[in-house]
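1. Have a look; sequence and predicted model below, questions after that.
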Amino acid sequence: MRNRGGMQGVAGSPVLVGAVTVLVVLVAVFLAYNANNGLPFVSTYNLRALVPNGDALVRGNEVRIGGNRIGTVRGVTPVQLGDGRVAAELDLRLDLEVEPLPVDSTLMIRPKSPLGLKYVELKPGDSSEGFAAGDTIPVGAARPEPVDIDEFFNMFDEDTRTAIRRSQAGFGNALAGRGPQLNAAFGALRDLVESGAPVLADLAAPSTRFGEFWTSLAAFNALIAPVAAAQASMFVGLDVTFGAFARVARPFIQETIVKSPPTEQTAIETFPVIRPFLDSSAEFFTALRPGTRALADTSSTIAAALRAGVPVLNASPVFNNQLPPTADALLAFQSSPGVFNGLDLLIDFNKTLDPGITFIAPAQTVCNYLTLAFQNVADAASEGNGAGNWLNFISLVPTSGVNNEGSPASAPANGPERANHLHYNPYPYTASPGQPRVCEAGNERYTPGTTSIGNAAERWGTTTRGGSG
């Protein structure tokens, strides 16, 4: 009786009943509020997933497989990938019945309603390996996000709507009043379809491999897609070019087109005839190539010669006018009596001089002695002042000793002092016929303590000051 009384006391207490009721309501509200995030004390299978774009995806969105809810999104965090791109990292809390999710699974963010609510759809793969708890589904598993209906309508912006209205007005004006023509076109279209059926059948036949054409065309478009901007610039340039052509189309381009066929016919008839000339020209220019390369080194000399030659060429008409009377005078002189006798005597005179000239000529042509002699004579009196020029010379003091060159001697100087030795060569070699090719005069070397008379045994070459060497 006491226990029943106690129970009646608790149930009869409004305060206790109210407190229990409030506690039950709070627990129910807490469980309902956190139902989307999972119930407490319930184990879950947690994964992370990378997607290129997590727009409009928020905490608490559902994760589904085949339309069935199998988890929720705990959070969305922006991250930066290794290649610099920005992606969204999803923190997924999944039911344990999904574990392990195959590693070749894919996911897609799909709209749940037209109001913008979204969810994550998982499509499990068939791999025998699965993601462990805490693993990250790579960004390569994310599939493109479907286009939402609001994004579809966003493409109809104000400019697009204006263009559509103009297009409809243009189409309306183009079709207005052309009903009979359209009816005739539709009637003729039947014949076109009937005639085109065999053609389409051939195109659809596997033997034509027409499908590969579209595959190749798609591959070609994929190749040129990166250069679409360059192609657009090219077409803009082509428009400018053809616009320039349009201004000269008549009569210039038109006449060019009209005259092109006879020109081509003439070329067809002429080219076989001139082909041997072209072959010979090719051989000529091939043989000329070494000389052309040599022009690089001699171009400056040729340029100087051309500059000097222009005045000469300008004066050549006067010279050419004087050539005919000169030639007539020479002809008259040749016909004069005694000319041939004089020429014969001149020939005999030249033959008499030839041995001496042949012997003396190398002294100038090889050793440059005559030029040096005149140059030294000119230099001897080249300096002076207002009163006159000076004569340049050097005084030599003879050495002391027996038979020195400062006084009469009974024999050539031959010591005993080291410097009292005579060096004398009355007939030095000048590279004349029968002699060594050396220029001995001016190249002798004085050897102290040795008397040297006549040609030396040592040869010193053909180099003299200002000589040809």
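-> Good, I have the coordinates.

2. make it CA atoms for all contacts and neighbour counts henceforth
-> Fine.

3. where does the stretch 301-450 of the chain dip in pLDDT?
-> In the predicted model, the stretch 301-450 of the chain carries no residue with pLDDT under 70.

4. domains of the protein?
-> What automatic domain parsing lists as the domains of the chain is 34-153, 337-379+411-469.

5. Could you list the buried residues of the helix or strand Pro362 falls within?
-> Here Pro362 is covered by helix 339-365, with elements defined by DSSP states H and E. For helix 339-365, burial by neighbour count (16 or more other CA atoms under 10 Å) applies to 361-365.

6. That one: what's the following helix or strand?
-> Once helix 339-365 ends, the next helix or strand along the chain (criterion: DSSP H and E) is helix 369-380.

7. name the helices or strands packed onto that following helix?
-> With contacts taken as 3 or more CA pairs under 8 Å, 6 or more residues apart in numbering; DSSP states H and E, helix 369-380 sits against helix 339-365.

8. Find me the pLDDT at Glu158, would you?
-> With respect to pLDDT, Glu158 scores 88.

9. do the same with Phe271
-> As predicted, Phe271 sits at a pLDDT of 89.

10. Give me the neighbour count for it.
-> Neighbours of Phe271 under the rule other CA atoms under 10 Å: 12.

11. State the distance from it to Phe285.
-> Using CA to CA, to the nearest Å, Phe271 is found at 20 Å from Phe285.

12. Show the model's pLDDT score for the residue most central in space within the chain.
-> Nearest to the geometric centre of the chain sits Ala230, at 18.3 Å (CA atoms, centre = their mean). As predicted, Ala230 sits at a pLDDT of 87.

13. ditto for Gln80
-> On the pLDDT scale, Gln80 gets 88.

14. show me the contacts for the closest residue to it other than its chain neighbours.
-> Distances taken as CA to CA, 6 or more residues apart in numbering place Val86 nearest to Gln80, at 4.4 Å, with adjacent residues excluded. Taking CA atoms under 8 Å, 6 or more residues apart in numbering, we find Val86 in contact with 52, 78-80.

15. out of these, who's nearest Ala201?
-> Closest approach between the contacts of Val86 and Ala201, by CA to CA: Pro52, at 44.7 Å.

16. The closest one and Glu194, how far apart?
-> In terms of CA to CA, Pro52 sits 51 Å off from Glu194.

17. same deal with Asn61?
-> 56 Å.

18. go on, Met155?
-> Counting by CA to CA, the separation of Met155 from Glu194 is 40 Å.

19. Can you give the strand pairings for the longest strand anywhere in the chain, parallel or anti for each?
-> The single longest strand within the chain, with elements called by DSSP state E, is strand 68-80. Sheet neighbours of strand 68-80, with direction, are listed as strand 62-65 (antiparallel), strand 86-94 (antiparallel) (DSSP bridges).

20. Next, the buried residues of the first one.
-> Spelled out, that is strand 62-65. Using 16+ other CA under 10 Å as the test for burial, strand 62-65 gives 62-64.

21. hang on, isn't Val58 packed against Thr77?
-> No. Applying CA atoms under 8 Å as the test, Val58 and Thr77 come out as separate, 10.0 Å apart.

22. want to throw the domains of the chain into CSV with distance to Arg307?
-> Compiled in CSV, these are given as follows (distance: least, CA to CA, whole Å):
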stretch, distance to Arg307
domain 34-153, 67
domain 337-379+411-469, 28
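
23. do you know which of the ones you listed lies nearest Gly177?
-> domain 34-153 (34.0 Å).

24. where are the low-confidence patches of the stretch 151-300 of the chain?
-> Using pLDDT under 70, the stretch 151-300 of the chain drops low at 151.

25. Strands of that one, start to end?
-> Counting by DSSP state E, counting those that start in this stretch, the stretch 151-300 of the chain has no strands at all.

26. Could you pull out the helices in it for me?
-> 158-175, 179-204, 210-224, 228-247, 254-335 (DSSP state H, counting those that start in this stretch).

27. want to throw those helices into JSON lines with distance to Pro426?
-> Conversion of the helices of the stretch 151-300 of the chain to JSON lines gives the following (distance: least, CA to CA, whole Å):
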{"stretch": "helix 158-175", "distance to Pro426": "114"}
{"stretch": "helix 179-204", "distance to Pro426": "113"}
{"stretch": "helix 210-224", "distance to Pro426": "95"}
{"stretch": "helix 228-247", "distance to Pro426": "91"}
{"stretch": "helix 254-335", "distance to Pro426": "45"}
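
28. Which among these is found nearest to Gly356?
-> Nearest of these (CA to CA): helix 254-335, 29.7 Å.

29. Show me which of Val58 and Thr77 is the more surrounded one.
-> Val58 (16 against 11).

30. What pLDDT is listed against that one?
-> At Val58, the model reports a pLDDT of 84.

31. Next up, the contacts around it.
-> The contact partners of Val58, by CA under 8 Å, 6+ apart, come to 73, 75-76.

32. can we see that at 7 Å?
-> When contacts are counted by CA atoms under 7 Å, 6 or more residues apart in numbering, Val58 touches 75-76.

33. what helix or strand does it sit in?
-> Per DSSP H and E: Val58 is located in neither a helix nor a strand.

34. Could you report the neighbour count for Val366?
-> As a burial measure, Val366 scores 20 neighbours (other CA under 10 Å).

35. Over to the one 5 residues further on?
-> For Thr371, the neighbour count with other CA under 10 Å is 14.

36. That one and Pro428: what is the separation?
-> 17 Å.

37. got it, and Ile224?
-> Distance, Ile224 to Pro428, by CA to CA: 89 Å.

38. for Leu217, same thing?
-> Going from Leu217 to Pro428 by CA to CA gives 96 Å.

39. neighbour count winner among those two?
-> Set Leu217 next to Pro428 and count neighbours by other CA under 10 Å: Pro428 wins out with 18 against 12.

40. Would you check that the more buried one makes contact with Ala441?
-> Yes. Using CA atoms under 7 Å, Pro428 is in contact with Ala441, at 5.5 Å.

41. Gln80 reaches Ala87, doesn't it?
-> Yes. Contact criterion CA under 7 Å: Gln80 and Ala87 qualify, at 6.1 Å.
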